[in-house]
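**Q** fold the following for me, if possible:
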Amino acid sequence: MKLADIQNELVFNEKKPLITVLFETHFTKEIRIAMQKGTVMKEHKTSYPIVVQIVKGAIDFGVQGEILDLNEGKILALDGGVPHDLRAKEDSVIRLTLTKNDDTNRVVDVSNIKIA
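**A** Numbering: from 1, shown residues only. Take a look at the predicted model:
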């Protein structure tokens with residue numbers, strides 16, 4: 001059994017999204033992304049499918065030339081290889097589910113990209 005609290009020790013950073021691995025199972029990796037209003041995750045993609053759930057707040061989720069307005073309670077499944085980006089419209093908490101094969105460091109690397 002694995003247990004995590006997505007709200008535990010929640011902090012925001014004005015310069016970049018903060019990534020926390022909540023836990024790993026034999027088939028998924030559960031990650032919390034804390035995005036302060038105005039922070040961005042630049043366009044990126046993964047080789048594997050992902051699931052994105054907005055736990056708190058609201059984001060603009062850019063995908064395939066469209067901007068989706070995702071707010072608390074929305075959940076989205078995205079195939080691998082699809083470029084996407086995120087912009088926090090307010091302080092937001094996002095649950096990201098990766099397959100076990102995906103690399104958590106990839107998410108951390110995307111959140112550390114500096115926007116000019």
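
**Q** could you dump the one helix or strand D69 maps to to CSV, C-alpha only?
**A** According to DSSP states H and E, D69 maps onto strand 66-71. C-alpha atoms of strand 66-71 as CSV (Å, rounded to 0.1, in the frame of the first residue of the first chain):
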residue,chain,number,x,y,z
GLU,A,66,-5.7,24.9,-28.7
ILE,A,67,-5.7,26.4,-25.1
LEU,A,68,-7.8,24.4,-22.7
ASP,A,69,-9.1,26.2,-19.6
LEU,A,70,-8.6,23.5,-16.9
ASN,A,71,-9.8,24.2,-13.4
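
**Q** how about I54, secondary structure?
**A** Following DSSP: H, G, I helix; E, B strand; the rest coil, I54 is assigned to strand.

**Q** what residues are up against it?
**A** The contact partners of I54, by Cβ atoms under 8 Å, 6 or more residues apart in numbering, come to L70, N71, E72, G73, K74, I75, S92, V93, I94. In this view, the C-beta of every residue, glycine as well, is placed from N, C-alpha and C.

**Q** rewinding a little: who does the next helix or strand after the strand holding D69 pair up with?
**A** The helix or strand immediately downstream of strand 66-71 is strand 75-78, counting by DSSP H and E. Applying DSSP bridges, strand 75-78 is found paired with strand 50-56 (antiparallel).

**Q** quick check: mean pLDDT across the strand it pairs with?
**A** Here strand 50-56 scores 98 as its mean pLDDT.

**Q** restricting to C-alpha, output that strand in CSV.
**A** In CSV, the C-alpha atoms belonging to strand 50-56 read as follows (Å, rounded to 0.1, in the frame of the first residue of the first chain):
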residue,chain,number,x,y,z
ILE,A,50,0.1,10.9,-19.1
VAL,A,51,-2.9,11.8,-17.0
VAL,A,52,-3.2,15.4,-15.6
GLN,A,53,-5.7,16.3,-12.8
ILE,A,54,-6.2,19.8,-11.5
VAL,A,55,-6.6,19.4,-7.8
LYS,A,56,-6.6,23.1,-6.9
